[in-house]
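1. Fold the following for me, if possible:
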Amino acid sequence: MITERGYTPPETTLANYERMLTTLGIERAVFVQPSIFGTDNRAICEALSRMGLSRARGVAIVDSAVSKSMLEGMNTIGVRGVWLNLMFREGIGLDHMERLADRLKEFGCHLQFLLNARDLVDLSPRFKKLAVNIVMNHMGYMSVDHGIDHPGFQTLLDLIKGGAWVKLSGNYRISKEGPPYRDAIPFAQALIKTSPQRVVWGTDWPHPALQSAMPNEADLLNALDDWELDEAERHAILVANSAMLHGFDDAMSSELAAA
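-> Residues are numbered from 1 along each chain as shown. As a prediction, the model looks like this:
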């Protein structure tokens, strides 16, 4: 772990993660590099190698100085994205964004962002010029207190109309209530209604840096019932969209994926 980090998580294992996936009936996984490891991606690369390309993909952390050979090596084992952390001190920030996008385009990788949607009004012009797909974490990570009419959230909707992606994860992070996080329902529904082909679901397990009570993964999956989805929308959110974004084979398209 890096010295200058915002939190120190409890230790967990790949076996624990796979047990959670099995309990929920999920066949595929997308690992996201924890910010506390910085650009040392060995943990997720080991997990990707152990689970294999048929079941797993990854989102790494690199800076713009990363070598082409390293990008090639990670891409070979399933890394399909790189994420930038604009909220916490240990993250790679916007200074690397444009150059990283240019370097990732060759590998078909996306850029993923942890940010507060309130900042999107100012950032949107830069995002629209990037040469790769972009993905926003946790429904925009803006507290429900601000409402879906907030200019930042409306900018998020505009971005996904234009082809950006958003993860329907972390409803418990933006909610002011406990499970089943009903105050976050309008946010999820607005995102799905705007572009049902540009939203993916994820557990956010093991819920790093969370100061409140840990959510139950079954509650997070069951939240889809509250979003009033039809079967096509449910299949898109849980299966087809992730297959497209993360490059899973068509042969796996009937299986759920969790990020």
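
2. how about the CA coordinates for stretch 147-167, as PDB?
-> The C-alpha coordinates for stretch 147-167 follow below in PDB (Å, rounded to 0.1, in the frame of the first residue of the first chain):
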ATOM      1  CA  GLY A 147     -31.800  16.100  -6.300                       C
ATOM      2  CA  ILE A 148     -31.800  15.000  -9.900                       C
ATOM      3  CA  ASP A 149     -32.400  18.500 -11.200                       C
ATOM      4  CA  HIS A 150     -29.000  19.600  -9.900                       C
ATOM      5  CA  PRO A 151     -26.900  21.000 -12.900                       C
ATOM      6  CA  GLY A 152     -24.200  18.500 -12.200                       C
ATOM      7  CA  PHE A 153     -26.500  15.500 -12.400                       C
ATOM      8  CA  GLN A 154     -28.200  16.900 -15.500                       C
ATOM      9  CA  THR A 155     -24.700  17.200 -17.100                       C
ATOM     10  CA  LEU A 156     -24.200  13.600 -16.300                       C
ATOM     11  CA  LEU A 157     -27.400  12.700 -18.100                       C
ATOM     12  CA  ASP A 158     -26.200  14.800 -21.000                       C
ATOM     13  CA  LEU A 159     -22.900  13.000 -21.100                       C
ATOM     14  CA  ILE A 160     -24.500   9.500 -21.300                       C
ATOM     15  CA  LYS A 161     -26.800  10.800 -24.000                       C
ATOM     16  CA  GLY A 162     -23.600  11.400 -25.900                       C
ATOM     17  CA  GLY A 163     -22.200   7.900 -25.200                       C
ATOM     18  CA  ALA A 164     -20.600   8.000 -21.800                       C
ATOM     19  CA  TRP A 165     -21.200   5.200 -19.300                       C
ATOM     20  CA  VAL A 166     -22.300   5.200 -15.700                       C
ATOM     21  CA  LYS A 167     -22.100   2.500 -13.000                       C
END
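
3. hmm, who's touching that stretch?
-> Residues outside stretch 147-167 that contact it (C-beta atoms under 8 Å, 6 or more residues apart in numbering): 110, 116-121, 124, 127-128, 133-140, 142, 146, 186-187, 190-191, 194-195, 198-202, 241, 245, 259. C-betas here are computed from N, CA, C, even on glycine.

4. can you list the weak-confidence ranges in the stretch 1-150 of the chain?
-> Low-confidence segments of the stretch 1-150 of the chain (pLDDT under 70): 3, 5, 7, 89-91.

5. Please, where are all the helices along it?
-> Ranges of helices within the stretch 1-150 of the chain are 14-24, 42-51, 68-77, 97-105, 120-128, based on DSSP state H, counting those that start in this stretch.

6. So which of those helices is the most surrounded?
-> Mean neighbour counts were taken over those using mean count of other C-beta atoms under 10 Å, and the top value, a mean of 18, falls to helix 97-105.

7. before we move on, back to that, would you show me how to pick out the buried ones of the contacts of stretch 147-167 in PyMOL?
-> Per 16 or more other C-beta atoms under 10 Å, the buried members of these correspond to this PyMOL selection:
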select buried, resi 110+116+117+118+119+120+124+127+133+134+135+136+137+138+139+140+142+146+187+190+191+194+195+198+199+200+201+202+241+245+259
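
8. Return the list of strands paired to the longest strand seen in the chain, each annotated with direction.
-> If you go by DSSP state E, the chain has its longest strand at strand 79-85. Its sheet considered, strand 79-85 pairs with strand 56-60 (parallel), strand 110-114 (parallel) by DSSP bridges.

9. Now do the last one against helix 120-128, angle only.
-> Here strand 110-114 points in a direction 170 degrees away from that of helix 120-128 (axes from the mean of the first three to the mean of the last three C-alpha atoms, to 10 degrees).

10. Extract the C-alpha trace of strand 110-114 and format it as PDB.
-> Output of strand 110-114 as PDB, limited to C-alpha atoms (Å, rounded to 0.1, in the frame of the first residue of the first chain):
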ATOM      1  CA  HIS A 110     -11.900   3.100 -21.200                       C
ATOM      2  CA  LEU A 111     -11.300   5.800 -18.600                       C
ATOM      3  CA  GLN A 112     -13.300   5.500 -15.400                       C
ATOM      4  CA  PHE A 113     -13.800   8.400 -13.000                       C
ATOM      5  CA  LEU A 114     -14.500   8.700  -9.300                       C
END
